[in-house]
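> would you be able to build a 3D model of this:
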Amino acid sequence: MVRLKSPKDKGSGFERDLVKLLNDKIKYGEFKRIPGSGAMGTTLHETTLTGDVTGKILGIPRQLKIECKVGYGGETQLTLKREWLNKIAEEAEQAYGFPVMVGKFSGARKTDGVQVFTVLDVENFIYLMNLISDLQHELDVIYEEKDGK
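Numbering: from 1, shown residues only. Have a look, this model is predicted:
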């Protein structure tokens, strides 16, 4: 008899897979799964227990707080609830973190195209774009000064 994974098992497995992916692919970052995150962290108002995954990346001054969602529509769509974005935004704000939601289409394969994606609100997208632009501008100024001497 084939045992189907419960939504909680799928979510925990996705969180572990995401941590491995981020740690493998982001050169100067460190990510970890927060067991018991969500209800426990919210109930206890403990910022270290909020977000399904947290991480730090060199050059980004705030810790990432990541809410993970898998399924909620199958392999071709995913229902996105505003409450998920509001929740991670609130948790991130309490911890001076950076809110991100990562979703996965349940059952989608690599050959189907996109499987895993991120969601940011526009204000945080703008923050990231300005952070990258500011860093590049600082590098350009440094190189111009160096070349000008």
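> please count neighbours and contacts with C-alpha atoms only from this point.
Noted.
> doesn't Ser106 fall inside a helix?
No: assigned with DSSP: H, G, I helix; E, B strand; the rest coil, Ser106 falls outside any helix and is coil.
> not counting sequence-adjacent ones, nearest residue to it?
With Cα to Cα, 6 or more residues apart in numbering as the criterion, Ser106 has its nearest non-adjacent residue at 4.4 Å, and that residue is Gly71.
> pLDDT wise, what is the one you found at?
Per-residue confidence for Gly71 comes out at a pLDDT of 80.
> who does the host helix or strand of Glu83 touch, helix- and strand-wise?
Here Glu83, judged by DSSP states H and E, is contained in helix 82-94. The elements that helix 82-94 packs onto, with contact taken as 3 or more Cα pairs under 8 Å, 6 or more residues apart in numbering; DSSP states H and E, are strand 63-70, strand 97-104.
> now render those as TSV, adding distance to Glu123 and mean neighbour count.
What follows is the helices and strands packed on helix 82-94, written out as TSV (distance: least, Cα to Cα, whole Å; neighbours: other Cα atoms under 10 Å):
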stretch	distance to Glu123	mean neighbour count
strand 63-70	15	24
strand 97-104	11	23
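> what's the closest of those to Ile126?
strand 97-104 (12.2 Å; Cα to Cα).
> any buried residues in the helix or strand just after the closest one, and which?
Using DSSP H and E, the helix or strand that follows strand 97-104 in sequence is strand 116-119. If you call a residue buried by 16 or more other Cα atoms under 10 Å, then strand 116-119 has these buried ones: Val116, Val119.
> could I get the average pLDDT for the helix or strand that contains Leu135?
Taking DSSP H and E as the definition, Leu135 sits inside helix 122-148. Per-residue pLDDT values across helix 122-148 average out to 91.
> quick revisit: which of the helices and strands packed on helix 82-94 sits closest to Arg82?
strand 97-104 (10.9 Å).
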